[in-house]
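# Sequence and computational prediction follow.
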Amino acid sequence: MRSRAKREKTPQAASPRWRMLLQIFGTFFKMGCFTFGSGLSILLQLEEEYVDKRKLLTSEDVLELTTVGKSVPGVMITNVSMLVGYQLAGIPGGILAVFGLTLPAVFILSLVTYFYSAIKSNVWFACAMRGVNAAVVAIIASTVWNMGKDALKDKIAVLICGAAFLLCMFTDVSNILMIICGVLLALLWMGAKALTERKGGRS
Amino acid sequence: MIYLQLFISFVKIGFTSFGGMSMVPVIMEEMGSHGWMTAEDISNLIAIAEMTPGSLGVNCATFAGNQTAGFFGGLVAVLGVLSPALTLTLAVAIFFTKFKKSPVMQGILRVVKPICVAMILGVLVTLFRSNILPAAGIDLFALGIAVLCFVLLRTKKCSIPAVIGIAAALGVVCYGVFPII
């Protein structure tokens, strides 16, 4: 199962392993510093660095890893980092990629929080934030629009979404419980489908 | 033991989020139930997380943790939010070739994604109420700014940091300069 990781490491065999690890950490740290918004810009940088420049991965590899990274829970881009890091240098590679990517954000956000607390009571800042909070409503609306286009492709999906929204609005069912129920529902659904298909095949 | 509570909260948040903003509803719920943050704080959190480099999820966790329990709170929250990547995704990476062909995750996502959309719609309603329909009635300035920003995002393809900048400037004019005149 690790043959794939080993195979793709061979071009780098000449340089020592720790150098590869250091390089992974450095690259992901740099990406963590300069990317805004969703993970998409990080993916472009990833391709540039490892497909075009270093030729350690192919475009298909990146696409495959991204698809899988998206389907695992958690922060999508840290999942992709773990998968790419592992492909390049095994478990330490994956862990260093994740921490390299997140450390800049931790430092920057800690600074921002510090200033935010200090400036929070300033009158002008409060005015600016009232405007920004109105914009946040628009940003979320726009995000829902995009997500909806992607997630609500058939009637069943629309039905699930509507039912979940009603639960959200009129009951105090927790979000976590809803997700867990969704996962169980999906598993049951797939299980039932597999069973009927097997029966259908026999008869 | 606030660090442990924060860590557990963010492990829950990490494992139940599936990309982008789907983390926000669960953060709102966890922060609210512990009394750590209000709806307004969450709104500020989204704005700040969108304006700073890095992914939304990590930024939200750092900011929320920092606000709740200082620098180490932020660190603990990020470790919590990274827990799926460091455990589940690592396992997936090791069994990658097998996992790639499995339809199970795709099937789960077909159900979970619509639920995430519904949850974010719920957040949208909550924030619309607190930011645009405050206790005093309807805030016309806020409504105007929100509509303008939505149009900029959808039709002009403005970037989110740019829209936030415009909204901040409009906020200063509408709520700061305008009442003085």
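On my side now, so go ahead. Residues are numbered from 1 along each chain as shown, chains lettered A, B, ... in the order given.

# ok, now which ones touch the nearest residue to B:L124 once chain neighbours are set aside?
Among residues not flanking B:L124 along the chain, A:I140 sits closest, at 4.9 Å (Cβ to Cβ, 6 or more residues apart in numbering or on different chains). Yep, even glycine has a C-beta here, placed from its N, CA and C like the rest. Going by Cβ atoms under 8 Å, 6 or more residues apart in numbering or on different chains, A:I140 touches B:M21, B:V24, B:I46, B:I120, B:V123, B:L124, B:L127.

# most neighbours, which of these?
Neighbour tally across the contacts of A:I140 (other Cβ atoms under 10 Å in any protein chain shown): the maximum, 30 neighbours, falls on B:I46.

# In this structure that one contacts B:F63, no?
No - checked against Cβ atoms under 8 Å, the pair B:I46 and B:F63 is beyond contact range at 9.5 Å.

# ok, back up a step: I'd like to know which of the contacts of A:I140 are part of helices.
Counted as lying in helices by DSSP state H, out of the contacts of A:I140, are B:V24, B:I46, B:I120, B:V123, B:L124, B:L127.

# and the residue nearest to B:L124, what helix or strand is that in?
Using DSSP states H and E, the element containing A:I140 is helix A:123-151.

# sorry, back to before: can you add pLDDT and give the contacts of A:I140 back as TSV?
Listed next are the contacts of A:I140 as TSV, based on pLDDT from 0 to 100:
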residue	pLDDT
B:M21	82
B:V24	89
B:I46	89
B:I120	89
B:V123	89
B:L124	92
B:L127	89
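
# Could I get those in a markdown table, plus columns for distance to A:E197?
Below are those laid out as a markdown table (distance: Cβ to Cβ, whole Å):
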| residue | distance to A:E197 |
| --- | --- |
| B:M21 | 36 |
| B:V24 | 38 |
| B:I46 | 44 |
| B:I120 | 34 |
| B:V123 | 38 |
| B:L124 | 39 |
| B:L127 | 44 |
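
# so which of those residues comes closest to A:L152?
Nearest to A:L152, judged by Cβ to Cβ, of the contacts of A:I140 is B:I120 at 12.4 Å.

# thinking that closest one is in contact with B:M21, fair?
Yes - at 5.5 Å, B:I120 counts as touching B:M21 under the criterion of Cβ under 8 Å.

# Which residue would you name as the spatial centre of chain A?
Nearest to the mean C-alpha position of chain A, by Cα atoms, centre = their mean, lies A:M76 at 0.7 Å.

# So that residue versus B:L56, what's the distance?
9 Å (Cβ to Cβ, to the nearest Å).

# Name the residues contacting each of these two.
B:G20.

# Enumerate the positions of stretch A:140-160 that are buried.
A:I140, A:A141, A:S142, A:T143, A:V144, A:M147, A:G148, A:A151, A:L152, A:A157, A:I160 (16 or more other Cβ atoms under 10 Å in any protein chain shown).

# Would you format the ones in helices among the contacts of A:I140 as TSV with distance to B:K156 included?
Converted to TSV, the ones in helices among the contacts of A:I140 look like this (distance: Cβ to Cβ, whole Å):
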residue	distance to B:K156
B:V24	24
B:I46	21
B:I120	23
B:V123	24
B:L124	21
B:L127	22
